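Peer 1: The sequence and its predicted three-dimensional model are supplied below.
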Amino acid sequence: MRYLPLCPAERAAMLETMGRRSIQELFEHIPEPLRLARPLNLPGPMSEPEIVEFFRRAARESSPDYVSFLGAGAYSHYRPVAVDSLLSRGEFFTAYTPYQAEIAQGTLQAMFEFQTLMAQLTGMDVANASLYDGSTAATEGILMALRILRGRRVLVASSVHPEYRQVLRTYLQHQGVDIQELPFNGAGQLELGKLESEVTRGPACLLAQSPNFFGVLEPMAEISACVHGARGLVVVAVAEPLSLALVRPPSGADIVCGEAQSFGVAVSYGGPFVGFLAAKEQYVRQMPGRIVGETRDTKGRRGFVLTLATREQHIRREKATSNICTNQSLCALAATIYLSLLGKRGLKALAQQNLAKAHYAARELAAVPGVSLAFSGRFFNEFTVRVPGRAEELLAALRKEEIIGGLPLKRFYTELSDHLLIAATETARRADMDRMVRIYRQVLSANSPSRRERGQAKPSSEAVAR
Amino acid sequence: MYPVELQYTKDHEWLRVDESTGTIGITDHAQKELGDIVYVELPKDGERMTAKETLGSVESVKAVSDVYSPVSGQVVAVNSKLQDKPELINTDPYGEGWLVRLRLTDPREAEGLMSSEEYEAYVQGKAAH
Amino acid sequence: MAKMLKPPSSARPHITRNEDLIFELSAPGKVGADLAPLDVPAASAAEELGAELVRGEIEGFPEVSELEVIRHFTRLSTWNYGVDTGLYPLGSCTMKYNPRVNEVVARLEGVATLHPYAPDELAQGCLRVLYETARCLAEITGMDAVSLQPAAGAQGELTGILMIRAHLADRGHPRKTILIPDSAHGTNPASVAISGYEVRNLKSNARGCLDLSELGRAMTEDVAGLMLTIPNTLGIFETDIRKIAELVHAKGGLLYMDGANMNALVGVAQPAAFGVDVMHLNLHKTFTTPHGGGGPGSGPVAVRKFLEPYLPSPLVAHGQDGRYFLDFDRAKSIGRVRSFCGNFGMAVRALAYILANGAEGLRQTTEDAVLNANYVRERLKDLFALPYDSPSLHECVFSDSRQAAKGVRTGDIAKRLIDYGFHPYTTSFPLIVPGAMMIEPTESASKAELDAFIEAMRSIVQEVEEDAELVLKAPHTTRVTRLDETAAARKPVLRWKP
């Protein structure tokens, strides 16, 4: 076995040192009926070329050549080669959690830089060293808000990513917390009137997302004022953090959390990703997850350590702020490298390209008879179109041309059966967008299906899938 | 040696009673066990405490210890200096390192606590284990 | 720039030993990445977003060239110690070799680029990887079904306990308490708390195992289950596990196994045979996915048949037509614990590792891991106190009690090991051993390296006798010396500011 450094003679010598005759003796204290008497039924062993071929086949069967307009919480952005080049350094990716600070300054300093970048981007005071992903970051954000408020009420905009809401429900199901979902309006934004009537019932923690699942920017200033007016707390999830290079950070938020996959982390069929959580300074001791702090060594030199560990499970056990143990260090490192490369100007320029591409695609699609933009709210690099009665047909036609045309929203919202969520990042080429528009024209100019519905789809929260 | 004018609990808090008010802190033994104190969480002015209820917590780098109120009462003062200088608990646990002051609900509650001698014997007994 | 103006007498060591923060390296106008030309008309942010929503400059954001980024992070990397650097005997963390081919296959176009919402028909390759990984893990554990959704061990624990709760609730009552031995990892009680259960700690016996009579007393019909790490955090196999399982099951409770230490058992024993109902695995421990300086991990959950309906949704299924698909039709599922399909990239790496080894290789791996740990134990037992001398498997736990008499504690010896070029063992865990020194060499250590480690430990013990200060002030050879953790916690500085 090529990964094992012991040779048979060494194994024998070691056993002899221990006065053992065979390796089996070391397992004899495991009661015999519990020991496995047969070899495991597994594939392999495979040589390295066989393994590469195995996964090449898997890759070929995962439509590598398709053009995709999918976003919805996982965004395709170009990853500069320097990112993977640096991530591939064994000192980074084969290291453990930096508990021995003197020989982990590389990871620690990089995490300190990550925390700084996330705080700068979100406009918050402090950030942690990352969480699993956007869905768990949103959940931890709400748990944190509940601790601060000693609250039992959670309001969630149904325009928040449906999977984030599902994870939140899983975590809160036995916490004795009341969760209320709030509807969206024709702009694709949280219905403020409903929020106002809900907050009059007492302080609550609100989870909103901006840009939200439909790609629409939420009116955060109004939302925050409303929640704060009732002494509640505002948690904002950001699934596409590139938006923060162009859009003002959520105004009035107490906690800003989300997904940083956009920053140099591969889409990789949904993971590993990297969640982030940033907050106002006064809440730092209620923050979950690992945090790196600056300090000095015995000679007065700057260095970094994991700090505020008493919040964590290995010390507080069942009273910890969270059960989370690890962060997503390597993905957070990817984000740190990525943001360093793009920098102040590059990130802004990139965001501007995203804005341009998505608005180009939206404009061109909306000009096709039978297509309209579903929501009037402002958007960044993702938008929702409405194609009454034709969504499935369009997706199928696009797929024939090796285009994944977006996400049919009926998967999560039964009342949005005519709606497609489309993302166009800087990786969307004009030629492909034009091709998509042509296919829309071809399909929609052909005979309409007999069951074609023409009625106005009216968004309502009741039908929102959970 | 533990100050004779104070009374003690098994959870290593001390109590100083002056007529109807009681001042609470943690003992020298407790601060030594915890090591360098880095953070203190205290109740708010006016909060009501019942005996043995959690009053707050004291944290070092790698440990956290809940502090229990030895007696019942209403918080009339908290040691705000500790927010910036938690190390006062290490340097002067019975003086500047006090935690809270309560208006006692029932001064007789303090009668159940240990004397300095009893507490010393208790600490030594624990160490022997 | 100001520092360049200082007189030469205050020159610092070369920058490779003294790298500033990326923000401090920044200068206006630099950029480390170029964008492709925009092939559509530019959009006006003010027009499209509304002027009031448009952000100005991000204050303090770095501006550096590509070369500076490469040098910055390369320098930082050299201040880290990794498995690639040398022996990393960090107990309970299973710091084994991370095969390079894993990294290559996880980055293949298609594997690394497929979107999680791609239709199943276009995702057959990735779905097959998930399906095969789950099937292999089911065989390794002997369990019936596996979910790869949990993003880490702690999330696997939470998932498992939520499933226990859902099952008991279906049977009539979720019950109130979960039992956990005092040797357990802190994530166990923390995960239980989120699941709405109370924690009751069980004392270990003199052999370092669960005390059967204590369990007998604690195991009532209020108890939902027992959470047990096997082998436990002392590296000791619970030889009474069948009886433990019977006791728990007799009262209607379920047995949860924390599989963090599965590197001691793969190919040797299947947890299903112990009577385990639900367990998690750590792909970043046993199955060689890299720790990455603290994540990403992956914590798949394996269950017996009767718990399968409660697994997180969706589950990867294999249809009669030979196609793979994501099965969302799971009415009894506890829900979702993470978005999409979990840390897919970690499943890729774990499967590559399993394929590389096959059954025989995995068994040899387990044997080597156990051999290495026992060899270290044998050769250090005259130097350090061994608080529990039951046979141990993949790791061994000593205590610093002999050295503590000289004022030197486990953490000091650990720091001194750094000067000898080794990563330290795990200090101060498990909590039931005062001054614990927890050593897990894994199979990824040659005999020569183990011998060097043992010699280093011997040498340090001698130093403790002759010059304790040398050990107490260690490390002496690192870029920074001991760092002031107290100051860091008292006045937290958690970000750079201009």
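Peer 2: That came through, no problem.

Peer 1: Please enumerate the helices of the chain.
Peer 2: Let's take chain A. A:8-17, A:48-60, A:81-87, A:90-93, A:105-122, A:134-149, A:162-172, A:192-199, A:220-229, A:313-316, A:329-366, A:391-400, A:430-445 (DSSP state H).

Peer 1: nope, chain B please
Peer 2: Listed in chain order, the helices of chain B (DSSP H) span B:28-34, B:81-84, B:88-91, B:116-128.

Peer 1: again with the stretch 351-498 of chain C
Peer 2: Shown for the stretch 351-498 of chain C, the helices assigned by DSSP state H, counting those that start in this stretch span residues C:401-404, C:410-419, C:447-466, C:468-472, C:485-490.

Peer 1: now for those, which one comes closest to residue A:165?
Peer 2: Closest to residue A:165 of the helices of the stretch 351-498 of chain C is helix C:485-490 (C-beta to C-beta; 35.3 Å). Where you see a C-beta, it was placed from the backbone N, CA and C, and this is true even at glycine.

Peer 1: Report the backbone C-alpha coordinates of that closest one in CSV.
Peer 2: The C-alpha coordinates for helix C:485-490 follow below in CSV (Å, rounded to 0.1, in the frame of the first residue of the first chain):
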residue,chain,number,x,y,z
GLU,C,485,-3.3,34.5,25.4
THR,C,486,-4.5,36.3,28.5
ALA,C,487,-3.9,39.7,26.9
ALA,C,488,-5.6,38.5,23.7
ALA,C,489,-8.8,37.5,25.7
ARG,C,490,-8.8,40.6,28.0
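
Peer 1: what's next to stretch B:50-60, contact-wise?
Peer 2: The contact list for stretch B:50-60 (C-beta atoms under 8 Å, 6 or more residues apart in numbering or on different chains) reads A:310, B:24, B:26, B:30, B:34-43, B:49, B:64-72, B:86, B:89, B:99-100, B:109, C:486, C:489.

Peer 1: Give the buried residues for it.
Peer 2: By neighbour count on 16 or more other C-beta atoms under 10 Å in any protein chain shown, the buried set for stretch B:50-60 is B:51, B:55, B:56, B:57, B:58, B:59, B:60.

Peer 1: where does chain B have its least confident helix or strand?
Peer 2: Sorted by mean pLDDT, DSSP states H and E, the helices and strands of chain B end with helix B:116-128, the least confident at a mean of 86.

Peer 1: And it, what does it pack against?
Peer 2: If you count contacts as 3 or more C-beta pairs under 8 Å, 6 or more residues apart in numbering or on different chains; DSSP states H and E, helix B:116-128 packs onto strand B:7-8.

Peer 1: Which other helices and strands does the strand it packs on contact?
Peer 2: The helices and strands touching strand B:7-8, judged by 3+ C-beta pairs under 8 Å, 6+ apart, are strand B:13-18, helix B:116-128.

Peer 1: Try it again at 7 Å.
Peer 2: Helices and strands touching strand B:7-8, by 3 or more C-beta pairs under 7 Å, 6 or more residues apart in numbering or on different chains; DSSP states H and E, are strand B:13-18.

Peer 1: what sits up against the strand it packs on?
Peer 2: With C-beta atoms under 7 Å, 6 or more residues apart in numbering or on different chains as the test, strand B:13-18 has contacts from B:5-8, B:22-27, B:67-68, B:70-71, B:94, B:107, B:110, B:113.

Peer 1: now the contacts of stretch B:50-60: which count as buried?
Peer 2: By neighbour count, with 16+ other C-beta under 10 Å, the contacts of stretch B:50-60 hold A:310, B:24, B:26, B:30, B:34, B:36-43, B:49, B:64-65, B:67-72, B:86, B:89, B:99-100, B:109, C:486, C:489 as buried.

Peer 1: which ones among those residues are found in strands?
Peer 2: The members of the buried ones among the contacts of stretch B:50-60 that map onto strands under DSSP state E are B:24, B:26, B:37-41, B:49, B:64-65, B:67-68, B:100.

Peer 1: between these, which is closest to chain A?
Peer 2: residue B:64 (4.3 Å; C-beta to the nearest C-beta).

Peer 1: Is the closest one in contact with residue A:310, as I believe?
Peer 2: Yes. Assessed by C-beta atoms under 7 Å, residue B:64 is found in contact with residue A:310 at 4.3 Å.

Peer 1: residues in contact with the most centrally placed residue in chain B?
Peer 2: When C-alpha atoms, centre = their mean is applied to chain B, the residue found nearest the centroid is residue B:25 (2.6 Å). Contacts of residue B:25 were listed using C-beta under 7 Å, 6+ apart, and they are B:13, B:14, B:93, B:94, B:97, B:98, B:99.

Peer 1: Skip the chain neighbours and tell me the closest residue to it.
Peer 2: With C-beta to C-beta, 6 or more residues apart in numbering or on different chains as the measure, residue B:98 is the residue that lies nearest to residue B:25, at 4.4 Å, once sequence neighbours are left out.

Peer 1: so that neighbour touches residue B:77, yeah?
Peer 2: No. Residue B:98 lies out of contact with residue B:77 (C-beta under 7 Å); the separation is 9.0 Å.

Peer 1: The two - which one has more neighbours?
Peer 2: Between residue B:98 and residue B:77, residue B:98 has the larger neighbour count (other C-beta atoms under 10 Å in any protein chain shown), namely 22 against 14.

Peer 1: Quick check, pLDDT for that one.
Peer 2: Per-residue confidence (pLDDT) for residue B:98: 97.

Peer 1: same question, residue C:483
Peer 2: Residue C:483 is assigned a predicted lDDT (pLDDT) of 96.

Peer 1: ok, it to residue A:105 distance?
Peer 2: Using C-beta to C-beta, to the nearest Å, one obtains 9 Å as the distance from residue C:483 to residue A:105.

Peer 1: How many neighbouring residues does residue C:476 have?
Peer 2: Residue C:476, neighbours per other C-beta under 10 Å, totals 12.

Peer 1: what residues are up against it?
Peer 2: Each residue near residue C:476 by C-beta under 7 Å, 6+ apart is listed here: residue C:419.

Peer 1: show me where pLDDT drops low in chain A?
Peer 2: Residues of chain A that meet the criterion pLDDT under 70 lie in A:447-466.

Peer 1: how about the residues of it that lie near chain B?
Peer 2: Residues of chain A lying close to chain B by C-beta under 7 Å from any C-beta of the partner chain are A:309, A:310, A:315, A:316.

Peer 1: would you turn these into JSON lines with distance to chain C?
Peer 2: Conversion of these to JSON lines gives the following (distance: C-beta to the nearest C-beta, whole Å):
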{"residue": "A:309", "distance to chain C": "8"}
{"residue": "A:310", "distance to chain C": "8"}
{"residue": "A:315", "distance to chain C": "7"}
{"residue": "A:316", "distance to chain C": "8"}
